[in-house]
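[1] need the 3D shape of this:
(chains A, B, C and D, ligands or ions: 6)
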Number of protein chains: 4
Amino acid sequence: MSAPTPNESDERLGVWLVGARGNVATTAIVGARAIARGLTGTTGMVTERAPVSRLELPPVSGFVFGGHDIERESLLEQATRQSERNGVPDGETLATVEDDLERIDERIEVGTARNCGAAVSAESQHLDPELTVGSVVEQIRSDYRAFREDHGLDRLVVVNVASTEPELDDSDAYDSREALERAIEEDDGDLPASVLYAYAAVVDGHPFVNFTPSTGNALGGIRELAVEKNVPHMGRDAKTGETLVKSALAPMFAGRNLQVLAWEGHNILGNKDGLVLEDDANAAGKLSSKGELLESILPDIGHNRVRIDYTPSLADWKTAWDYIHFEGFLDTEMKMQFTWEGSDSALAAPLVLDLVRLIAHADEHDEGGLQPQLSSFFKAPLGVDEHDFSRQLEGLTEYAERHS
Amino acid sequence: MSAPTPNESDERLGVWLVGARGNVATTAIVGARAIARGLTGTTGMVTERAPVSRLELPPVSGFVFGGHDIERESLLEQATRQSERNGVPDGETLATVEDDLERIDERIEVGTARNCGAAVSAESQHLDPELTVGSVVEQIRSDYRAFREDHGLDRLVVVNVASTEPELDDSDAYDSREALERAIEEDDGDLPASVLYAYAAVVDGHPFVNFTPSTGNALGGIRELAVEKNVPHMGRDAKTGETLVKSALAPMFAGRNLQVLAWEGHNILGNKDGLVLEDDANAAGKLSSKGELLESILPDIGHNRVRIDYTPSLADWKTAWDYIHFEGFLDTEMKMQFTWEGSDSALAAPLVLDLVRLIAHADEHDEGGLQPQLSSFFKAPLGVDEHDFSRQLEGLTEYAERHS
Amino acid sequence: MSAPTPNESDERLGVWLVGARGNVATTAIVGARAIARGLTGTTGMVTERAPVSRLELPPVSGFVFGGHDIERESLLEQATRQSERNGVPDGETLATVEDDLERIDERIEVGTARNCGAAVSAESQHLDPELTVGSVVEQIRSDYRAFREDHGLDRLVVVNVASTEPELDDSDAYDSREALERAIEEDDGDLPASVLYAYAAVVDGHPFVNFTPSTGNALGGIRELAVEKNVPHMGRDAKTGETLVKSALAPMFAGRNLQVLAWEGHNILGNKDGLVLEDDANAAGKLSSKGELLESILPDIGHNRVRIDYTPSLADWKTAWDYIHFEGFLDTEMKMQFTWEGSDSALAAPLVLDLVRLIAHADEHDEGGLQPQLSSFFKAPLGVDEHDFSRQLEGLTEYAERHS
Amino acid sequence: MSAPTPNESDERLGVWLVGARGNVATTAIVGARAIARGLTGTTGMVTERAPVSRLELPPVSGFVFGGHDIERESLLEQATRQSERNGVPDGETLATVEDDLERIDERIEVGTARNCGAAVSAESQHLDPELTVGSVVEQIRSDYRAFREDHGLDRLVVVNVASTEPELDDSDAYDSREALERAIEEDDGDLPASVLYAYAAVVDGHPFVNFTPSTGNALGGIRELAVEKNVPHMGRDAKTGETLVKSALAPMFAGRNLQVLAWEGHNILGNKDGLVLEDDANAAGKLSSKGELLESILPDIGHNRVRIDYTPSLADWKTAWDYIHFEGFLDTEMKMQFTWEGSDSALAAPLVLDLVRLIAHADEHDEGGLQPQLSSFFKAPLGVDEHDFSRQLEGLTEYAERHS
Ligand SMILES: NC(=O)c1ccc[n+]([C@@H]2O[C@H](COP(=O)([O-])OP(=O)(O)OC[C@H]3O[C@@H](n4cnc5c(N)ncnc54)[C@H](O)[C@@H]3O)[C@@H](O)[C@H]2O)c1
Ligand SMILES: NC(=O)c1ccc[n+]([C@@H]2O[C@H](COP(=O)([O-])OP(=O)(O)OC[C@H]3O[C@@H](n4cnc5c(N)ncnc54)[C@H](O)[C@@H]3O)[C@@H](O)[C@H]2O)c1
Ligand SMILES: NC(=O)c1ccc[n+]([C@@H]2O[C@H](COP(=O)([O-])OP(=O)(O)OC[C@H]3O[C@@H](n4cnc5c(N)ncnc54)[C@H](O)[C@@H]3O)[C@@H](O)[C@H]2O)c1
Ligand SMILES: NC(=O)c1ccc[n+]([C@@H]2O[C@H](COP(=O)([O-])OP(=O)(O)OC[C@H]3O[C@@H](n4cnc5c(N)ncnc54)[C@H](O)[C@@H]3O)[C@@H](O)[C@H]2O)c1
Ligand code: NA
Ligand code: NA
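    Ligands and ions are numbered 1, 2, ... in the order given. Next up, the predicted model:
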């Protein structure tokens, strides 16, 4: 249990989680409060390890949480279920942060479920689907604003940790700020929730992180807006398990000039994210950000498939089995296999906290637009071609050294 | 099957393999000749991949092979047995290079077996153990010299691919050139064969590579000599299988601030190298170069063990099973496992060819002493602390960019 | 290499393979001829191990092969491709049986492709689809008869090793001999090839084995016919890899009263069988015979899924990864995983030879109808509920003891 | 959570555990009490599954526990540590049985540590080593007797779950009752604790089970005594994890006439049992009972090795990796691998309860001597050659059918 670093700013930082009652959000909130109360260490947090820990970053213990969700069950109910089913968090930790969870739950507003797919929106509570896109955006902006004012925050970071949406068919149609804003104005029925949350954040200067494979800030129009407003933002699809391992291993095959004939990746998991991803439409984005990484590092790869299956008994535990068939010298065929058994949310949650701290840091230093130094956190880092995890991390190291 | 690149020097390069009739040497020779005859591609060779391939390097097809061994069975007999037991090389390839192997076998001289351990020297044919150390060194120097002259070579690179020796007890006693040369003069009975081969090479200006965990050029006295004579040399213990994977994976755990509680590595293999390593004395060096890597990348590791067991039916195929128990956020315990099934010599042989080319390149450019740009090839790279494979490889990339 | 047993009958036995140019058939034929020529042993053959080896069985070396196929490429071409891609058979073995293969290829007749699915029948050569069902049956009967007469055979065993067909929609419609024969007469367009091959065999007294998941002799009408004619027959879907392991392991969980929460089975393979099974229709039967076994041994199983994916680089090598999540005492969750890497046809081929010998034995002893003593060979043994491999095998042991 | 079956006898049954404060004993006691209090089901108990559940067996809820140990820490302290380190039992279950544990702990007497090896006896509290063997036996007999009288028990079953002892050098010297009793009389210094516990039980008619690989009742002298006194007893070394899997899988390779070239088994575990087994002397018996099983089922096996390594972070969780290299038809080499991750004590504890019930049943039915129907519970079942798990289990099924 390593102690938090001393090197911390003392601003009041708001953290707005879209999907605030989900697994990842709940674990991030529980973890932050457990750290604040001295119950747990910071293992798993990249910002607590040198040299990144030498940056002056907002302390996790000072985060003020709020968010949107479309789920009725409270944060505490969610956390209790997670504790019972997954063992994460453990009972003792949960007991100590119970009051915190109840307080934070009151700050969670009803979100929009536009174009989130049937797997997500069924049985949920959400903003009236009859509202115009413009009114939805206004509502979200006002939620952000009210939170910031009510809690006297110096800064508000918005993080999308909501369920994965189906892919947007024609994302090129919103390639410029102008096209996007016209679409909002004209009540374009295709725009998905993630884009509205992202737009509402960036247009008002709130740094934005897309932890999910959903479209969000990947849209050309939002990227242009972020540059114009000098708002830092980054995404997409956090790299936590099998894909993280791939980004560490694939460069080894490339670096040794070994020919990968086939890389089969088979994932089984049992949480709600897994259930949503059973729906082919919602899985599309996930599979593509998982798959592209290999094609990028191993352009000559012979065969590359990723499967995600729902196995209820595993709860939040994700197991991946990867089988790598490769050829070496003298046409010799060889094999590597791995299995990865991790708690999905325990892997994701500390990265949420890291990203909040680092994007707040960029914002404080007036560094707007995409944040390539954060590429190591994402399966499909916006604006970055490098997928080798070690080299991506060097980008963060250099950033840390530059700023400390 | 990628074609060799055009960018090649045309010098006559001699390649002297100590342990020339072993698995690694045989596969390297078969492979080089098969490439020369257009039978196979260069998959597995780092020097055939951009940006290293942009260097002007001696072509593999022009290598003139010779060497030392203490084994009576001919190169062709060895290769035939390998082909039958391991399937590497395949029968067709072997048939085509048969004459080459017979010709090269005539250039293999009897070596010394001093302090190589009982597992190695029993039943071997070797230089008279009654000879003084000084005479052994003279014999080796004269073998190198004669080969160079007989074949009109522009340069001779010496590579140690002989069986692993027991560790040298007191390597500090030979910390300076002066101490080492006095020990040779005074017929010091402790000096092992690998040191004598290395000394004989470096003192006469032949670049030297130690592919094995044996002492060889790691000794202080030889390192000093190499600086004084400006001779390039590097080692030790080539990184081909399980340890290669470790050097790609361990940085991922470090980079994400995940706490490795235990890393168990269990290797089974069935070739002569495996048999020799069954002997605890001979295994010591191997286990320590395999083990140190993790301690270096993961200084807080809780438990770290490597086992090597001999499983005859596997022949040259090495299987490793690694079990990694780690802790993440909220004290969550998770696991990763991998298995690696590779042909040991098919993995090693192309690296022998790469190292010959790259050390010859350094020699041509008058870059003497240790060669840190070659660190990615070794489990215990001399003079280099970095063990992250991606970062080691960047050193080679930078070298290639600097020179091309 | 164990020598064939002495205890053999000397009748001339014909072996008619439906799908004679496929992987399984080719390997069975190559193996039988290699045994006949003393090139290989009988490892993998159940009938060559006590106590089954004590039965008086027709010698493999005396098998006279013929068959149907819809593929144009010759047996030798198939075997050569298998040898090159899979390494099974090896080059030397293939060379020795080449003449045998050419001779046997001339005895392969053009078959019917009725209702075999697009994945199979495209580009094939087959009996005119305009023929009535009745005429097709007549053609097949006459092919069997001619073969028997031309080669002076004492007995003809027919084995279906053709590609898996799509499932028959309404198999109950052919529940009696009478219904089936009326359907043939009335030119019922739904009857698939496997049923026609089976009917033609049984109606003329040829013992029949269905090695595949296709309908064939599983149909009520054929079972009735076999009883009436006292013809031995058995099936279906030979148990060679992952499912074999399941039938050995699942009883352990049952026997120890451990609760299996989830059993995930993921298969990858690269041969033509794999390609055909990529087609959902053709895969249906396979997945159901693979899946039912677990439900039968573990009636309380929580979750049970089997996947088959096509991975071209694996050729005939099938790799299965199974993940078993189970609960024990004090609600403790535990895990078992296995991988199985086998040559599909090397596993299947000896069983073809075993089944031919054992069904010929039953025929000689006038034991018609289903053959429950052969249940251990099948994923979905007709007429047998026992799926525990050890207990199934005891049935065979008892049969052997009864007859020897 | 299945409810206990109604079919139960109502005698007062005493259960005396030698090693009562160890992992296995503690988990068995916690489990029995949790069942009694309705907190948990009986998953993992063989006697709660048909047809064995149809026997009239003493109810677990009525077991009266007592025992010997040489460890000072109380049962509750042990259970608390297990709960925290292993998660088994969970906190809620533990809380509910706390009082039970405290009460039972008072019934644990100080045992003898004779010839248990330094790894066990150091720092322990045990009977004065200066006592004669005869006096030790008297003390143990009187402990058993007092417990039986104090609690008005109808029957007392003794189970050895103490740490594994080093192997007895010359077990043939105690081959008859007469030789053994003379050795006790003559104060023979070689007799180990397990033999004394077993002798004291059998001589006074208490049924005895040896759950460990220690000598105990395997000695000829005790077997003779048990026959003369008609006392049921059985052993040795309960089959819970890797070896259980082997006994289910190995018959599959045998049954299909596949040639196992090598079977490598590698176990890592982190509990006190693991620590004791790090000591080569104590491990000897364990490795031999684990190893013999394969030799017995696969007499032609090429290579067979089992390793047990101590990995502290795993606590009570044992992971086994097994690698099976086998050859099939046409000399094709193939591979199977498995991993098994189980809580050692959660696997063992229900079997302790099962064995108590079943040996009490035999005693009630005056069936003395060895109990072959219990062979499926043991790695080295005394007096039984059959190692195939399915067939061993059939012995139990037949016993159950005979008695119900
Ligand atoms: N390791 C990881 O867990 C990991 C890694 C990378 C990416 N992700 C992504 O993070 C996201 C969250 O994962 P999770 O496991 O927490 O999933 P989850 O299903 O547990 O939580 C998602 C939450 O989002 C809410 N939600 C859905 N649509 C919404 C909307 N339109 N507006 C507001 N709230 C909405 C849901 O009600 C739910 O509470 C997913 O997109 C997942 O793919 C997770
Ligand atoms: N993947 C790999 O194969 C790999 C990786 C790293 C290091 N290495 C090292 O490379 C070396 C060779 O491995 P191998 O598999 O070829 O082993 P090998 O046993 O097949 O060959 C070693 C050869 O060295 C010869 N030899 C032994 N002592 C000698 C001496 N004193 N002088 C001259 N010749 C001598 C032997 O006779 C034999 O022919 C070993 O030290 C091994 O540890 C191999
Ligand atoms: N381990 C195993 O290989 C295994 C195990 C169990 C079952 N099987 C089953 O055995 C069958 C054969 O497997 P394979 O690997 O040899 O497949 P394959 O695709 O290599 O061979 C099938 C052959 O059947 C021929 N064929 C297809 N339809 C036909 C028809 N209607 N009439 C005559 N010939 C026809 C094809 O042309 C081909 O030559 C498959 O159904 C498979 O599912 C195989
Ligand atoms: N799955 C399993 O856990 C399993 C399976 C088969 C066999 N076993 C065997 O069961 C035994 C117990 O395993 P465990 O995990 O509970 O070990 P443990 O080390 O946790 O417990 C052993 C207990 O025995 C006590 N003990 C040692 N010597 C004694 C003596 N001479 N007299 C009285 N008490 C003594 C110790 O103090 C300790 O409390 C071991 O021999 C083990 O090999 C366990
Ligand atoms: Na080049
Ligand atoms: Na009962």
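[2] from A:R155, how far off is the residue sitting furthest away from the middle of chain A?
    Largest separation from the mean C-alpha position in chain A: A:L330, at 43.1 Å (Cα atoms, centre = their mean). Going from A:L330 to A:R155 by Cβ to Cβ, to the nearest Å gives 59 Å. Heads up, the C-betas are built off the backbone N, CA and C, glycines and all.
[3] dump the residue contacts of the residue farthest from the centre of chain A.
    B:T27, B:V30, B:G31, B:A34, B:T40, B:G44, B:V88, B:P89, B:D90, B:T93, B:A346, B:A349 (Cβ atoms under 8 Å, 6 or more residues apart in numbering or on different chains).
[4] could you look up the SS state of the third one?
    When the structure is split into helix, strand and coil by DSSP: H, G, I helix; E, B strand; the rest coil, B:G31 lands in helix.
[5] what's around it, how many residues?
    28 (other Cβ atoms under 10 Å in any protein chain shown).
[6] pretty sure it contacts B:A348?
    No: if you go by Cβ atoms under 8 Å, B:G31 and B:A348 don't touch, sitting 10.4 Å apart.
[7] hey, what's A:L57 bridged with?
    A:E8 (DSSP bridges).
[8] surely it touches A:H361?
    Yes: A:L57 is within contact range of A:H361, at 5.7 Å (criterion: Cβ under 8 Å).
[9] show me where chain A has strands.
    A:13-18, A:64-69, A:108-110, A:155-160, A:208-210, A:232-234, A:259-269, A:304-310, A:317-327, A:333-343, A:369-370 (DSSP state E).
[10] out of the ones you listed, the one nearest ligand 6 is which?
    Ligand 6 lies closest to strand A:317-327 among the strands of chain A, at 34.8 Å (Cβ to the ion).
[11] same for the closest one, what does it pack against?
    helix A:242-255, strand A:259-269, strand A:333-343, strand C:317-327 (3 or more Cβ pairs under 8 Å, 6 or more residues apart in numbering or on different chains; DSSP states H and E).
[12] that strand to strand A:304-310, inter-axis angle?
    Counting by axes from the mean of the first three to the mean of the last three Cα atoms, to 10 degrees, strand A:317-327 lies at 160 degrees to strand A:304-310.
[13] and strand A:317-327, which strands flank it?
    The pairing partners recorded for strand A:317-327 under DSSP bridges are strand A:259-269 (antiparallel), strand A:333-343 (antiparallel).
[14] for the closest residue to ligand 2 within the stretch 1-150 of chain A, which non-adjacent residue is spatially closest?
    Relative to ligand 2, the nearest point of the stretch 1-150 of chain A is A:R49 (31.8 Å; Cβ to the nearest ligand atom). Distances taken as Cβ to Cβ, 6 or more residues apart in numbering or on different chains put B:N257 closest to A:R49, at 4.3 Å, once the chain neighbours are dropped.
[15] residues touching the one you found, list them.
    B:N257 touches A:T42, A:T43, A:G44, A:M45, A:V46, A:E48, A:R49, A:P350, counting by Cβ under 8 Å, 6+ apart.
[16] and the residue lying closest to A:E48 once chain neighbours are set aside, how far from chain C?
    Sequence neighbours aside, A:T42 is the residue nearest to A:E48 in space, at 3.9 Å (criterion: Cβ to Cβ, 6+ apart). Going from A:T42 to chain C by Cβ to the nearest Cβ, to the nearest Å gives 28 Å.
[17] wait, A:T42 touches A:A32, no?
    No: applying Cβ under 8 Å, one finds A:T42 not in contact with A:A32, separated by 10.3 Å.
[18] give me the common contacts of the two.
    By Cβ under 8 Å, 6+ apart, A:T42 and A:A32 have these common neighbours: A:V60.
[19] can you report how many residues lie near A:S74?
    A:S74, neighbours per other Cβ under 10 Å, totals 16.
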